[in-house]
Structures are given as structure tokens and as C-alpha cells.
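Undergrad: Sequence and predicted structure, then a few things I'm wondering about:
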Amino acid sequence: TQLLEQSPQFLSIQEGENLTVYCNSSSVFSSLQWYRQEPGEGPVLLVTVVTGGEVKKLKRLTFQFGDARKDSSLHITAAQPGDTGLYLCAGSRGSNYKLTFGKGTLLTVNP
Amino acid sequence: GAVVSQHPSWVICKSGTSVKIECRSLDFQATTMFWYRQFPKQSLMLMATSNEGSKATYEQGVEKDKFLINHASLTLSTLTVTSAHPEDSSFYICSAPRWDRGYEQYFGPGTRLTVT
């Protein structure tokens, strides 16, 4: 059972376009993290959201945590080729720090 | 800079041999570390939770006798793939929650294992 449904799995867009990646669950998470991973490297933490309804911005990236803490979204404005990579959402429940990962979104931004 | 390191970054071994991968937290102590496996263009699959001073906790379907985990110190966890076979070829990644940053998890750079 995939506890975190991430969509879309693949996304290929042109430079300058906007995009949104969604992460949905029927379960409540105490926190949710977004990572970006490049081939042959480990995931790099982008942001952690912990409060329902929270919105965080990181330059052209906007992260939102749902009011019920069951879903999250990542919106990228004016995508650039350097944004290309695998984007992963991961949720944490309880105090054991174990993360549940979504299947990932492989983003390709074409120049 | 990196807060979690892995060694080696890549390794090639022959079928039937064992390979040890190290995961180190560089400037913080980690009583818990996690080991993941990742196939190309796919997400991370949690294999086990490494606990300092006690036995590791394995996820369902992961053979504990094949993937030996030792967490001998507060900054080092090791994963040993025993009697490796070609199907064990994969990208192995470790992570550690950082207690002084709200237990956010930081990942190592990964180890590419190829079994010939």
C-alpha cells in the first residue's frame, strides 16, 4: 500500500513554464518533507512543513501543507533547466523519524 | 557542506562475495540511521532502521541475514551485503535524523553497488 500518492510521476516541460507536483494521503502526517535528487546523488532536503495550512517559499518554489496535514504540493514558477531532477515527498508520523516516501516526480525542463 | 557521508561511493564485486558500506554522520550524533535502496528513476525503498547499541529493525520482505546492519557508534552505521548476487545491484542510500534541526533527515550521497 502506497501511503503517499505523488503525481505526476513524469513531467517534461519547456523552460519558463509553471508546474505543480502533488502529494496526497489518507493518513495524517506530523510533518512532510520535500527533497530533490539528481542522478547518482542522495536526496537533498528542500523544505519541511509541519503546520496544517502552512505555505513556505524558496525562491521560485512554493510549498503548501494541507489544512488536515494529509496532502502537500510543490509549485515551481518559471521553471529552468537547472530544476531538472527527481522530486520526492516524504511524510513522517510519530516519533520514530521513519519517512514514508512518495513514488517521486521525474521533472525534465527543456531549454 | 555534507552532513552525512557514505563510503565507498561506488563498488563492483563478484557474485558470492560480501560488501560493506559505511554511513557516517559528520558533525552530529545519530542514535538512529536509515538504509534505503533505490532503483533507477524510482523512489527510495526503506530497508531497515539502524539503532545504535541494539539490533536493526528490518522492513517486511528484507532479508536480515543478507543485509547485515551494525550501528556500533553514534556516528557510524554499516550495511554489509552478504553473498551478493547480480540482483543486489542497486543504489544504496543512508539517512540520519538531526536532533538539533528538528529531526529533519539528511541523506548520504549514496553507494552504487554492481555485482558481476
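TA: Received the coordinates, thanks.
Undergrad: Could you count how many residues lie near B:Thr114?
TA: B:Thr114: 14 surrounding residues under other CB atoms under 10 Å in any protein chain shown. Every residue, glycine included, has its C-beta placed from N, CA and C.
Undergrad: and what of B:Gln29?
TA: Other residues close to B:Gln29 by other CB under 10 Å number 13.
Undergrad: Could you find the closest non-adjacent residue to it?
TA: Take B:Gln29 and drop its neighbours on the chain: the residue closest to it by CB to CB, 6 or more residues apart in numbering or on different chains is B:Leu74, 3.9 Å away.
Undergrad: And the one you found, how close does it get to B:Gly53?
TA: Taking CB to CB, to the nearest Å as the measure, B:Leu74 falls 9 Å from B:Gly53.
Undergrad: again, but for A:Ala78
TA: 49 Å.
Undergrad: OK, contacts around residue 89?
TA: Assuming you mean chain A. A:4, A:6, A:21, A:23, A:32-35, A:72, A:74, A:101-102 (CB atoms under 8 Å, 6 or more residues apart in numbering or on different chains).
Undergrad: ah, no, chain B please
TA: Counting by CB under 8 Å, 6+ apart, B:Ser89 has contacts B:113-115.
Undergrad: okay if I get those residues as TSV plus distance to chain A, secondary structure and pLDDT?
TA: Output for the contacts of B:Ser89, formatted as TSV (distance: CB to the nearest CB, whole Å; DSSP: H, G, I helix; E, B strand; the rest coil; pLDDT from 0 to 100):
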residue	distance to chain A	secondary structure	pLDDT
B:Leu113	13	strand	97
B:Thr114	13	strand	97
B:Val115	18	strand	97
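Undergrad: need those in CSV with distance to A:Leu11, can you?
TA: Supplementary listing: these in CSV, determined by distance: CB to CB, whole Å:
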residue, distance to A:Leu11
B:Leu113, 29
B:Thr114, 29
B:Val115, 33
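Undergrad: Disregarding flanking residues, what is the spatial nearest neighbour of A:Lys98?
TA: B:Thr49 (6.5 Å).
Undergrad: A:Thr51 now?
TA: Excluding the flanking residues, the one nearest A:Thr51 by CB to CB, 6+ apart is A:Phe65, at 6.7 Å.
Undergrad: What residues does that neighbour make contact with?
TA: If you count contacts by CB under 8 Å, 6+ apart, A:Phe65 has them with A:32, A:49-55, A:71-72.
Undergrad: Can you turn the buried part of those residues into a ChimeraX selection?
TA: The ChimeraX command for the buried members of those (criterion: 16 or more other CB atoms under 10 Å in any protein chain shown) is given here:
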select /A:32,49,54,71,72
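Undergrad: Please read off the pLDDT at the residue nearest to A:Lys98 from the model.
TA: Confidence per residue is given as pLDDT, and for B:Thr49 that number is 94.
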